[in-house]
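Enquirer: Got a predicted structure plus its sequence, pasted below:
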Amino acid sequence: MKLTETTELDKFLNKQFSSEKWCGAVYYGIAEMPSKRSSGKQYALLAFQGHDALTNKKIVEILNIENKDVSFGANVFEFAEKTKPMKRYVLEYSDQIACALRYYGKSNAIVFDHLAPRDPAFEGFYPEYGPDGSNDAFIWNKKKWVYAPAIPVAPFVEKEK
């Protein structure tokens, strides 16, 4: 399933998919999410998806495995300004640049480039988005990935050594 419209993206961010119908991508990273659940496991998957001729996407997808059931998406992405957690997180940016998205296991953090338009006039037009030199993260906090804006990345890199 390719995402093309903003309304489709909104639905995608908040929908749980079965193993028969889910958004495929190139998965390049996996992080087992700490859980006290006895019946299953959850994993955060880091993925790349070439979106169209102008943009690419990086996706943080949640894989749920419970008994023999597999599903994608879970309400584990929490933002201070949003009242309802999201089931997955998507970064969309110009296909002319690279965007970092990495899991730091010792810190239990997913760190990624903060994306912004090259000019405020291009707000919402993702072919003009790219890294602005700062980093954001999701930090694991018991049961949720909590959004942390404008974090220094050096402590995460040092802790991995």
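Expert: The structure has been received and is ready for your questions.
Enquirer: So, low pLDDT: which residues of this protein?
Expert: 1-10, 36-38, 82-83 (pLDDT under 70).
Enquirer: mind listing the strands for the chain?
Expert: 17-18, 26-32, 40-50, 55-66, 69-72, 77-78, 89-94, 101-104, 109-117, 129-141, 144-151 (DSSP state E).
Enquirer: mind checking which of those is nearest Glu158?
Expert: Among these, strand 101-104 comes nearest to Glu158, with 10.1 Å by CB to CB. Using the backbone N, CA and C atoms, a C-beta is placed for each residue, glycine as well.
Enquirer: Just checking: what are the partner strands of the closest one?
Expert: Next to strand 101-104 in the sheet, as set by DSSP bridges, lie strand 109-117 (antiparallel).
Enquirer: burial measure for Pro127, as a count.
Expert: As a burial measure, Pro127 scores 17 neighbours (other CB atoms under 10 Å).
Enquirer: Format the strands of the chain as CSV; extra columns: distance to Glu160 and mean neighbour count.
Expert: Below are the strands of the chain laid out as CSV (distance: least, CB to CB, whole Å; neighbours: other CB atoms under 10 Å):
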stretch, distance to Glu160, mean neighbour count
strand 17-18, 31, 14
strand 26-32, 13, 13
strand 40-50, 15, 17
strand 55-66, 19, 20
strand 69-72, 27, 16
strand 77-78, 23, 20
strand 89-94, 21, 20
strand 101-104, 6, 18
strand 109-117, 10, 20
strand 129-141, 14, 17
strand 144-151, 15, 16
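Enquirer: I'd like these as a markdown table, with distance to Glu123 appended.
Expert: A markdown table is the format used below for the strands of the chain (distance: least, CB to CB, whole Å):
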| stretch | distance to Glu123 |
| --- | --- |
| strand 17-18 | 30 |
| strand 26-32 | 28 |
| strand 40-50 | 22 |
| strand 55-66 | 15 |
| strand 69-72 | 30 |
| strand 77-78 | 22 |
| strand 89-94 | 13 |
| strand 101-104 | 22 |
| strand 109-117 | 5 |
| strand 129-141 | 9 |
| strand 144-151 | 17 |
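Enquirer: got a list of what Glu92 touches?
Expert: By CB atoms under 8 Å, 6 or more residues apart in numbering, the contact set of Glu92 is 51, 55-57, 115, 126, 129.
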